[in-house]
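>>> the sequence and its predicted three-dimensional model are supplied below.
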Amino acid sequence: MTESADPRAQAAAARELAARARRLAHGVGEGAERKRLLQYAQELEEHAAELDARASEAGKPPIVEQQQQQVQQQGPSDTADDPPDGEKPD
């Protein structure tokens, strides 16, 4: 099996190997060799399922915890109505 960084590609390769092992097992006939090849195919399928699960988990966005903070705003101050030169109208 070729190594790939992509778990989905690895899973596909494992399934391909499992299919080959099953085809080979049917050509071997009955006996311990066939049983071992079918067992190997099953192990490859299980490994492929694990890789698919890992790929699905990796595809999910990370959970981000956010905290909200309340800020009390002050009302308008008395200086807001004052003219910019500091003089109050009469």
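Nice, I can see it.
>>> show me where this structure has helices.
Along the chain, counting by DSSP state H, helices occupy 7-28, 32-59.
>>> which of these sits most buried?
Ranked by mean neighbour count under mean count of other C-beta atoms under 10 Å, these are led by helix 7-28, which reaches a mean of 16. All C-beta atoms are positioned from the backbone trio N, CA, C, and that covers glycine.
>>> surely R22 touches L37?
Yes. Judged on C-beta atoms under 8 Å, R22 makes contact with L37 at a distance of 7.3 Å.
>>> any common contacting residues for the two?
Overlap of the contact sets of R22 and L37 (by C-beta atoms under 8 Å, 6 or more residues apart in numbering) is empty.
>>> and L44, what is it in contact with?
Shown here is L44, whose contacts under the criterion C-beta under 8 Å, 6+ apart are A14, R15, L17, A18, A21.
>>> any idea how far the second one lies from R8?
Meaning R15. R15 sits 11 Å away from R8, taking C-beta to C-beta, to the nearest Å as the criterion.
>>> one step back: tabulate the contacts of L44 (JSON lines), appending distance to Q66.
As requested, those are arranged in JSON lines below (distance: C-beta to C-beta, whole Å):
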{"residue": "A14", "distance to Q66": "39"}
{"residue": "R15", "distance to Q66": "40"}
{"residue": "L17", "distance to Q66": "45"}
{"residue": "A18", "distance to Q66": "44"}
{"residue": "A21", "distance to Q66": "49"}
